[in-house]
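Colleague: What would the 3D arrangement of this be:
(chains A and B)
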Amino acid sequence: MVKFEIHDLNIWFGSVHAIKQVNMEIQANEILSVIGPANSGKTTFLRTLNRLNELNTHYKITGVVELGREDVRGIEIEELRRKVGMVFALPLPLPLSIFDNVAYGVRMYGEKRKKKLEEKVEETLMQAYLWEEVKDRLNESAFKLSGGQQQRLCIARTLAVGPDVILFDEPCSGLDPISTAKVEDAMVKLKEKFTIVLVTNNVKQAARVGDKTAFFLSGELIELDKTDKIFTAPQDKRTDGYIRGKFG
Amino acid sequence: MRNPYRTQNIAFFFLFLATLLIVVPVGLIVVIIIQKGLPAINWQFLSDIPRQGMRAGGIFPAIVGTIYLVTGAIIFALPIGLLAAIYLSEYSKDNLLNRLIKLAIINLAGVPSVVYGLFGLALFVVFFKFGASILSGSLTLGIMILPVIITTSREALESVPYSFREVSLSLGASKWQTIRHIVLPNAIPGILTGTILGLGRAAGETAPILFTVAAFYLPQLPHSVFDQAMALPYHLYVISTQVPNVDEKIRYGTAFVLLALVLIMNLVAIIIRYKFRKKKKW
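Modeller: Have a look, this model is predicted:
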């Protein structure tokens, strides 16, 4: 099933042409890894999917992004961002307790019943493999957690609002190898229920977890195919050069 | 030959000297006012009306007047200033017009207070026909401290990390929810700093209340916001320059009370700010 359909996408920030004529589909219940060197438009592309680019004043977009056959610009923005959750590059807890971080989005949706909130917090912390580590200290500040725990907290927080799609923007760039493995495990489990788009600077990570891999270069989508194929027999020699570490 | 250590020592000396030049006069002012004013302070001085042409008795009406005026100014200026600051920092687009507005507000903080006094006279006393009253005086003081409150509040709001806003929005919170639950709570200490600055200024200025509220001599308490009132800074001016043969003790005593009043009001705000800072979690 197709989750996202993107037609003739072009994005500018001021005079910078950040995304050039991108066409692609993102399948449901798959992990799509997006790789490419710095400034290749990966993060910009990702932020198009939940319209977070629109916070930038000099932002211009042409083309169509459809989520489940509906133009994302036709969906109410709060609704879209609930359906398309996001985990950022650095662990970014809100300045609240662990519990309140996870409950934040649900509360903003209007849920006030304590019981429901508690259930949601426990359920999503379990899904993010963090529950056992924090169940006795839910009222402590989220900033007391380690970096890896904070990032899993951010995953739980994103899950709590009930998304269909989760966008990961280099989620392991600040983490040690063990924390990275835990986050990757969580991602692989999550794809049973969610569609995942993972932007990563780590080519090996893309190879480990991605069902499909897209290679971006200077704002263009060079190649999108099954991960195995990208890493064994890429069609474009620029893709080959990048995954072999010849540039980027 | 250049000796970096000597250069550093010379720089250190001048930096220290500059600090000393600031600290010493402030210290002297406080010491002199305490030394000369404290003997005047007793229960009668704080609770009685001025007597014998303000040469004896107390300054109670002036204390009450100043408290009313400052309270009124804050009630008026804090909500409006905060709302304007939220608009300017969170909603207004970054364009030439809005930058000009921000610059104008910063400059308004530097307008001499007597200009605000004249403005208050023209607008509140004459045009709105509030007369010389606590209402006119409070509004004039409020307008005078608005720029300070707006500027400091705006800076406090803008110092909340941008990433918090992105996270909140990415979780499907609306813009207002983000401001209400994430930005505002973390900006409160800075907003209170602005309020403290405004408070001190409102309590101490003479010129804005001169035409709008201050009574030369009024041996009773105001009954409504449309009454005139005495106020400490103006009373101090009156007994220092307009009334002959006032005991020095009474003048310094009045200055001492004004200083103490501002300090007490600031202390309350500082304690609230401290409580919020302790809750800060990043």
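Colleague: alpha carbons only for contacts and neighbour counts from here, please
Modeller: OK.
Colleague: residue ranges with poor pLDDT in the stretch 101-250 of chain B?
Modeller: Scanning the stretch 101-250 of chain B for pLDDT under 70 picks out nothing.
Colleague: Show me what from it comes close to chain A.
Modeller: Residues of the stretch 101-250 of chain B lying close to chain A (Cα under 8 Å from any Cα of the partner chain) are B:163-164, B:166-174, B:177, B:182.
Colleague: quick check, nearest of the residues you listed to B:Ile49?
Modeller: Of all those, B:Ile49 sits closest to B:Ile182, with 48.8 Å by Cα to Cα.
Colleague: just checking, the closest one touches B:Phe164?
Modeller: Yes - using Cα atoms under 8 Å, B:Ile182 is in contact with B:Phe164, at 7.1 Å.
Colleague: and for the two, which residues touch both?
Modeller: A:Leu94 (Cα atoms under 8 Å, 6 or more residues apart in numbering or on different chains).
Colleague: And residue 20, which helix or strand is it part of?
Modeller: Defaulting to chain A. Assigning secondary structure by DSSP states H and E places A:Lys20 in strand A:16-27.
Colleague: hmm, I had chain B in mind actually
Modeller: helix B:4-37.
Colleague: Could you report the neighbour count for residue 134?
Modeller: No chain specified, so I'll use chain A. By other Cα atoms under 10 Å in any protein chain shown, the residues close to A:Val134 number 18.
Colleague: oops, chain B please
Modeller: Neighbours of B:Ile134 under the rule other Cα under 10 Å: 28.
Colleague: all strands for chain B, in order.
Modeller: B:50-51, B:56-57 (DSSP state E).
Colleague: Over to chain A?
Modeller: Using DSSP E, strands in chain A cover A:2-13, A:16-27, A:31-35, A:59-67, A:70-71, A:84-87, A:165-169, A:195-199, A:212-217, A:220-226.
Colleague: Tell me the strands beside the second one, with direction?
Modeller: On the basis of DSSP bridges, the sheet neighbours of strand A:16-27 come out as strand A:2-13 (antiparallel).
Colleague: For B:Gly72, which residues are in contact?
Modeller: By Cα under 8 Å, 6+ apart, the neighbours of B:Gly72 are B:Leu135, B:Ser138, B:Leu139, B:Gly142.
Colleague: Just name the closest of those residues to A:Leu117, please.
Modeller: Proximity of the contacts of B:Gly72 to A:Leu117 (Cα to Cα) peaks at B:Gly142, which lies at 43.4 Å.
Colleague: For burial, what's the neighbour tally of the nearest residue to the closest one once chain neighbours are set aside?
Modeller: Spatially, and ignoring its direct neighbours in sequence, B:Gly142 is nearest to B:Ala73 (4.1 Å; Cα to Cα, 6 or more residues apart in numbering or on different chains). Per other Cα under 10 Å, the neighbour tally for B:Ala73 reads 28.
Colleague: on that earlier part again, closest to B:Asn245 out of the strands of chain A?
Modeller: strand A:59-67 (71.8 Å).
Colleague: if we can go back for a sec, any chance of the strands of chain A in JSON lines with mean neighbour count as columns?
Modeller: Shown next, in JSON lines, are the strands of chain A (neighbours: other Cα atoms under 10 Å in any protein chain shown):
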{"stretch": "strand A:2-13", "mean neighbour count": "18"}
{"stretch": "strand A:16-27", "mean neighbour count": "17"}
{"stretch": "strand A:31-35", "mean neighbour count": "27"}
{"stretch": "strand A:59-67", "mean neighbour count": "17"}
{"stretch": "strand A:70-71", "mean neighbour count": "14"}
{"stretch": "strand A:84-87", "mean neighbour count": "28"}
{"stretch": "strand A:165-169", "mean neighbour count": "25"}
{"stretch": "strand A:195-199", "mean neighbour count": "27"}
{"stretch": "strand A:212-217", "mean neighbour count": "24"}
{"stretch": "strand A:220-226", "mean neighbour count": "18"}
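Colleague: any chance of those strands in JSON lines, plus mean pLDDT and distance to B:Phe127?
Modeller: Listed next are those as JSON lines, based on pLDDT from 0 to 100; distance: least, Cα to Cα, whole Å:
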{"stretch": "strand A:2-13", "mean pLDDT": "92", "distance to B:Phe127": "50"}
{"stretch": "strand A:16-27", "mean pLDDT": "92", "distance to B:Phe127": "54"}
{"stretch": "strand A:31-35", "mean pLDDT": "94", "distance to B:Phe127": "66"}
{"stretch": "strand A:59-67", "mean pLDDT": "92", "distance to B:Phe127": "48"}
{"stretch": "strand A:70-71", "mean pLDDT": "90", "distance to B:Phe127": "56"}
{"stretch": "strand A:84-87", "mean pLDDT": "93", "distance to B:Phe127": "56"}
{"stretch": "strand A:165-169", "mean pLDDT": "93", "distance to B:Phe127": "60"}
{"stretch": "strand A:195-199", "mean pLDDT": "94", "distance to B:Phe127": "63"}
{"stretch": "strand A:212-217", "mean pLDDT": "93", "distance to B:Phe127": "67"}
{"stretch": "strand A:220-226", "mean pLDDT": "92", "distance to B:Phe127": "65"}
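Colleague: burial of the closest residue to chain B within chain A, as a residue count?
Modeller: Residue of chain A nearest chain B, by Cα to the nearest Cα: A:Glu78 (4.4 Å). When neighbours are defined as other Cα under 10 Å, A:Glu78 has 18 of them.
Colleague: which ones are touching the residue lying closest to it once chain neighbours are set aside?
Modeller: Nearest non-adjacent residue to A:Glu78, counting by Cα to Cα, 6+ apart: B:Gly172, 4.4 Å away. If a contact means Cα under 8 Å, 6+ apart, then B:Gly172 has A:Ile77, A:Glu78, A:Glu79, A:Leu80, A:Arg81, A:Arg82, A:Gly105, A:Met108, A:Tyr109, A:Val161 as its contacts.
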